[in-house]
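[1] below are the sequence and a predicted model; questions follow.
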Amino acid sequence: MGYRILQVKLPTNYSDDDIRLIISKKLGLSDFSYQLEKKSLDARKKNDIHWLTSIVVTSGHLSSNEYTEPESITIPYKKRGKTVIVVGSGPAGFFAAHVLQLAGFNVTIVERGSEVAQRSLAIQRLEKKGEFSPQNNYAFGEGGAGTFSDGKLTSRSKHISSERLYILSEYVKAGAPKEISYMTHPHVGTDILKVVVANLRQMFLNNGGEFLFNTMLEDVLIKNNRVEKVVCNNAELQADYIIFATGHSAYETYRMLIRRGIQIGTKNFAIGHRIEHQQRLINLAQWGKESLPGVKAAEYRLNTSTSSGLPVYTFCMCPGGYVVPAAAYAEKSVVNGMSYYKRDGVFSNAACVAGVHPDMLLGHKCTASEILDWMDKLEDQFYNFSNNYVIPAVKAIDYENRRESKEISSGSYRLGVSPAPLYNMIPEIVSKALSEGLNNFSKKLKGFESGVMMGLESKTSSPVQVIREKTGRCPGFDNLFFVGEGSGYAGGIISSASDGVKCAKSIIDSL
Ligand SMILES: Cc1cc2nc3c(=O)[nH]c(=O)nc-3n(C[C@H](O)[C@H](O)[C@H](O)COP(=O)(O)OP(=O)(O)OC[C@H]3O[C@@H](n4cnc5c(N)ncnc54)[C@H](O)[C@@H]3O)c2cc1C
């Protein structure tokens, strides 16, 4: 059996027959199979938008072998008699737990929220009636923060290729479409992610893992450089290893850890708003037409430097998506974005944020506790604006010119928007940079200024960082690890899950 790799340019609405015809013409074959290895949209020239693909052709009539299967991770199984508690079932916690369970550890996942189906009902109650559930919301509950998201599975990190491959293959086993393994910008959407999260849990349980839902980790008891016990729902639990994967929204958990002497510092992060546009407008700007057969919805990623030195960029764009109330605690207001697999909503949204350091916001060298308190207050202020989950909003063109908008259509945000001087609701250093950024973005993407800036986007990344080793181990501790976004060393589904896998591998290798 031989293998050839072909670089093939395809029309956006290509069919399987088109690919077969191209291969048989190029290689003179009739008997072959093929698989896509890479696929990305080339929209640089609006009159020639096409897919760029890399295709692996397999045939008994080929003598050459140009294809080497990329390497995933290997998990050595052995009955080990060691116990692990993983706190948090987001991508980082779940994948740390999953790999350790497959390697022969006895693993328990402790999760403050409920199973994804119940969590989903709580989110529906929030969006329909404004009823907030403290343990089941866009931040907390099975699957972690990104379960109700656009499900983008991209990562900019270059050092996680084998982990990424492994995670994507587990996602495919759990029901994600195979295309995520070859698309340059893979995404699955909330509808598929919910299924994937439930199926991954079943795989973990089938392998002997234990899941404790509705179980909040409240405290850690430390003795002789070890976590002796953890306190969950007033009961004490023990394990050989404790892995924290609590994400970056669990402020009371951070505060408890700081009280217990865990070292947590501050780091750069980003803050700003969500910007929403008609998806039709983004398609027009990016493709020169309102729709393109074979492609769901156009994307964008913009960045610019500003005169204050703060970078301004768009982040986590959700084509055909919805702006959602993503606060982790009651009577606080934070927004984020989600979409479904089809990305067929009439709006698009993205974070429009400025990169800052906590010290700039507080005006002095601050501690992790201080920036967490500051963030808490800011989220309160955004909630207090309407005293409910209606979010303050302003047209982008008005934000740029620092004037209020007379009226605003509610867009995709189901709980409603209200005109507000949004630029006065965050520190001036940020709002000024954002105004300048918006002006630059309007020159890069036609019609960008017609968008609406909404609410507070404060969770693109963590403002704090646990002092830990590369493996996730907390220095000075035998058995305490921090992984994922909450540790401050990862952000996004894939990078957080990879951080969990790396931590699990380091524990396996250490034995
Ligand atoms: C609405 C939204 C959309 C997003 N869209 C995307 C996207 O499209 N692509 C992308 O890559 N990223 C996206 N993100 C970011 C992504 O979700 C996070 O980077 C990622 O989930 C972080 O993974 P994690 O496992 O480190 O933490 P989390 O996913 O935050 O998981 C932490 C878990 O710990 C649990 N927990 C917290 N405290 C405790 C405690 N004391 N006891 C027990 N359990 C606890 C929580 O309930 C939660 O399940 C999105 C985030 C949001 C909120």
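    Here it is on my side, so go on.
[2] interface residues of the stretch 351-500 of the chain facing the ligand?
    In this structure, the stretch 351-500 of the chain approaches the ligand at residues 484-486, 491-494, 496, judged by C-beta under 6 Å from any ligand atom. Just so you know, the C-beta spots here come from the backbone N, C-alpha and C atoms, and that holds for glycine as well.
[3] please convert those to a markdown table, extending it with secondary structure and pLDDT.
    Below are those laid out as a markdown table (DSSP: H, G, I helix; E, B strand; the rest coil; pLDDT from 0 to 100):
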| residue | secondary structure | pLDDT |
| --- | --- | --- |
| Gly484 | coil | 98 |
| Glu485 | helix | 97 |
| Gly486 | helix | 97 |
| Gly491 | coil | 93 |
| Gly492 | coil | 95 |
| Ile493 | helix | 97 |
| Ile494 | helix | 97 |
| Ser496 | helix | 97 |
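[4] which of these ranks first by neighbour count?
    If you count neighbours using other C-beta atoms under 10 Å, the busiest of those is Gly484, which has 35 neighbours.
[5] ok, and the closest non-adjacent residue to it?
    By the measure of C-beta to C-beta, 6 or more residues apart in numbering, the closest residue to Gly484 outside its immediate chain neighbours is Ala92, 2.6 Å from it.
[6] Ser59 now?
    Residue nearest to Ser59 in three dimensions, not counting chain neighbours: Phe32, with 3.8 Å by C-beta to C-beta, 6+ apart.
[7] turn the residues of the stretch 351-500 of the chain next to the ligand into a markdown table, including distance to Ala103.
    Listed next are those as a markdown table, based on distance: C-beta to C-beta, whole Å:
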| residue | distance to Ala103 |
| --- | --- |
| Gly484 | 19 |
| Glu485 | 24 |
| Gly486 | 23 |
| Gly491 | 26 |
| Gly492 | 25 |
| Ile493 | 22 |
| Ile494 | 21 |
| Ser496 | 20 |
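[8] closest to the ligand among these?
    Each of these was scored against the ligand by C-beta to the nearest ligand atom, and Gly484 proved nearest at 2.3 Å.
[9] okay, now the residue of the stretch 201-350 of the chain found nearest the ligand: neighbour count?
    Residue of the stretch 201-350 of the chain nearest the ligand, by C-beta to the nearest ligand atom: Gly247 (2.1 Å). For Gly247, the neighbour count with other C-beta under 10 Å is 25.
[10] check contacts around the nearest residue to it once chain neighbours are set aside.
    The shortest distance from Gly247 to any non-neighbouring residue, by C-beta to C-beta, 6+ apart, is to Gly486 (4.7 Å). When contacts are counted by C-beta atoms under 8 Å, 6 or more residues apart in numbering, Gly486 touches 88, 92, 244-248, 250, 253-254, 462, 466.
[11] could you do Ser30 as well?
    Ser30 neighbours (C-beta under 8 Å, 6+ apart): Ser24.
[12] what kind of secondary structure is it in?
    Secondary structure, DSSP: H, G, I helix; E, B strand; the rest coil: Ser30 is coil.
[13] offset the numbering so it begins at 143, please.
    In the new numbering, first residue 143, that becomes Ser172.
[14] that one and Ser166: what is the separation?
    Taking C-beta to C-beta, to the nearest Å as the measure, Ser172 and Ser166 are separated by 6 Å.
[15] what does Ile215 give?
    37 Å.
[16] same check on Glu570?
    In this view, Glu570 and Ser166 are 63 Å apart by C-beta to C-beta.
[17] how about Asn425?
    Taking C-beta to C-beta, one finds Asn425 at 34 Å from Ser166.
[18] which SSE is Gln243 in?
    helix 233-244 (DSSP states H and E).
[19] right, and the helix or strand after that helix?
    Using DSSP H and E, the next helix or strand after helix 233-244 towards the C-terminus is strand 248-252.
[20] show me this structure divided up by domain.
    144-201, 225-407+606-651, 410-506+524-599 (automatic domain parsing).
[21] and stretch 286-302, average pLDDT?
    What stretch 286-302 shows for mean pLDDT is 90.
[22] Glu418 belongs to a helix?
    No: secondary structure of Glu418 (three-state DSSP): strand, not part of a helix.
[23] residues in a beta bridge with it, which ones?
    Listed by DSSP bridges, the beta-bridge partners for Glu418 are Asn491, Val594.
[24] how close does it get to Met345?
    As for Glu418, its distance to Met345 is 37 Å (criterion: C-beta to C-beta).
[25] quick one, phi/psi of the residue lying closest to Ser303 once chain neighbours are set aside?
    The shortest distance from Ser303 to any non-neighbouring residue, by C-beta to C-beta, 6+ apart, is to Pro212 (7.0 Å). The phi/psi pair for Pro212 (degrees, to the nearest 10) reads phi -60, psi 150.
[26] count the neighbours of Pro212 for me.
    When neighbours are defined as other C-beta under 10 Å, Pro212 has 11 of them.
[27] for it, give me its contacts.
    Taking C-beta under 8 Å, 6+ apart, we find Pro212 in contact with 303-304, 307.
[28] now the buried members of the residues you listed.
    Buried members of the contacts of Pro212, scored by 16 or more other C-beta atoms under 10 Å, are 304, 307.
[29] does Phe386 touch Phe619 like I think?
    No: if you go by C-beta atoms under 8 Å, Phe386 and Phe619 don't touch, sitting 11.2 Å apart.
[30] compare neighbour counts for those two and give me the winner.
    Phe386 (32 against 17).
[31] residues in contact with that one?
    With contacts defined as C-beta under 8 Å, 6+ apart, the neighbours of Phe386 are 229-230, 395, 399, 608, 622-625, 628-629.
[32] what's the pLDDT at it?
    We have a pLDDT of 98 for Phe386.
[33] what separation is there between it and Pro328?
    Computed with C-beta to C-beta, the distance linking Phe386 and Pro328 is 28 Å.
[34] ditto for Lys224
    Look at Lys224 and Pro328: by C-beta to C-beta, they are 34 Å apart.
[35] tell me which of the two has more neighbours.
    Neighbour tally, Lys224 and Pro328, criterion other C-beta under 10 Å: the higher count belongs to Pro328, 19 against 16.
[36] list the contacts of that one.
    In this structure, Pro328 makes contact with 294-296, 310, 321-322, judged by C-beta under 8 Å, 6+ apart.
[37] what's the closest of these to Ser157?
    Taking C-beta to C-beta as the measure, Ser157 sits nearest to Glu321 out of the contacts of Pro328, at 15.1 Å.
[38] bridged to Lys181, which residues?
    Lys181 forms beta bridges with Thr195, Met325, as assigned by DSSP bridges.
[39] pLDDT score assigned to it?
    97.
[40] for the nearest residue to Gly634 once chain neighbours are set aside, give its distance to Tyr176.
    Nearest residue to Gly634, sequence neighbours excluded (C-beta to C-beta, 6+ apart): Ser297, at 5.9 Å. Per C-beta to C-beta, Ser297 is found 27 Å from Tyr176.
[41] among the residues of the stretch 493-642 of the chain next to the ligand, which two are most distant?
    Distance extremes for those: the farthest pair is Gly628 and Ile636 at 16.1 Å, using C-beta to C-beta.
[42] quick check: Phe355 touching Val258?
    No: with contact defined as C-beta under 8 Å, Phe355 does not count as touching Val258 (10.1 Å).
[43] list residues touching both of these two?
    Common neighbours of Phe355 and Val258, counting by C-beta under 8 Å, 6+ apart, are Glu284.
[44] ok, those two, which is more surrounded?
    Neighbours per residue (other C-beta under 10 Å) separate Phe355 from Val258, with Val258 holding more: 22 against 19.
[45] alright, calling it a day.
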